[in-house]
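Participant: generate coordinates for the sequence data below:
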Amino acid sequence: MRKISILTIVALFAFASAAQAQSSDKPKNEIEVHGTFSIPSGEANYSGTGASGSTIDFGRDFDFKNEFGWRARYTYRSSNGKHKFMVDYDATNWERNTILTRSFTFRGETYVANANIDGELKLQTFRAMYAYRWGNEKVRFGPMVDAGFIKTSLDLTGSTNNGIRTTEASVTKLAATIGYDLDIDPTSQVNVFHNLGWIVFQSDHLFHTEGGVKVYFTKSLGAVGGYRAQRYKFEDGSNFLTVRENGPFFGGVFRF
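Facilitator: Residues are numbered from 1 along each chain as shown. Next up, the predicted model:
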């Protein structure tokens, strides 16, 4: 009976130790939902059939205001922390009703000065990222590559030489960037991160960067906040569309 009791105690102790070791392992998966607050700028020039286009400045002609958007993200880190995979979807719309201070031509329609116009600028991105990082439990840093789709569009509705017209210019591109990824974990409850990607391919210029802090209140739940900046320029002959945005983001994190 005594031997059985000792064996039972040893078995319980071993089980408790294994459970504690398992519970102390850092979760490998994360799901995040962010609210984004974006400050846009940029310009566009799109010609119509038999008509040259004017360069539209988003700030001067529309004075697009700051808008809230959203982003959803999934991240996986390998057990040793060397490999990091991430996918995310990001969407923001900027809308503005204003009085034009000058006339311009867009997609073959000349929108006239001193008339009302509705403008809507959209930016949607979907990307998948892989990073290989060197380091230890506290710091991980290494090269990153990502690829995905970027869609930018500008919709205009207003008075033209031909009456009220609606025009749209939209570009969807398969895009990729290279850069680096950084994770710093000073404690098990805090993660500091930074990510940057950039590339110039033919006439397209792509750049994005973000950094921030995650704080975990429990093993599974936490909050995230930081700042990001993006710049995407696409050209097709004399036509081009450039969108720049920067601003803070914040949200929640669930890891498992």
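
Participant: for the most centrally placed residue in the chain, which residues are in contact?
Facilitator: The residue lying closest to the centre of the chain (CA atoms, centre = their mean) is Asp90, at 5.1 Å. Asp90 makes contact with 36, 69-71, 123-126 under the criterion CB atoms under 8 Å, 6 or more residues apart in numbering. For glycine as for every other residue, the C-beta is placed from the backbone atoms N, C-alpha and C.

Participant: could you flag which of those are buried?
Facilitator: When the contacts of Asp90 are checked for burial by 16 or more other CB atoms under 10 Å, the buried set is 36, 69, 71, 123-125.

Participant: widest-spaced pair of those residues?
Facilitator: Comparing all pairs in these by CB to CB, the longest separation belongs to Thr36 and Gln124, at 12.3 Å.

Participant: could you give the bridge partners of the residue nearest to the centre of the chain?
Facilitator: Beta-bridge partners recorded for Asp90 (DSSP bridges): Arg71, Thr125.

Participant: overlap in contacts of Thr36 and Gln124?
Facilitator: The contact sets of Thr36 and Gln124 overlap at 90, 92 (CB under 8 Å, 6+ apart).

Participant: can you list the low-confidence ranges for the stretch 151-256 of the chain?
Facilitator: Scanning the stretch 151-256 of the chain for pLDDT under 70 picks out nothing.

Participant: strands of that one, start to end?
Facilitator: Assigned strands in the stretch 151-256 of the chain, in chain order: 163-187, 190-201, 204-216, 221-236, 239-255 (criterion: DSSP state E, counting those that start in this stretch).

Participant: what would those strands look like in a markdown table with mean neighbour count and distance to Lys138?
Facilitator: As requested, the strands of the stretch 151-256 of the chain are arranged in a markdown table below (neighbours: other CB atoms under 10 Å; distance: least, CB to CB, whole Å):
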| stretch | mean neighbour count | distance to Lys138 |
| --- | --- | --- |
| strand 163-187 | 15 | 6 |
| strand 190-201 | 16 | 10 |
| strand 204-216 | 17 | 15 |
| strand 221-236 | 17 | 18 |
| strand 239-255 | 19 | 18 |
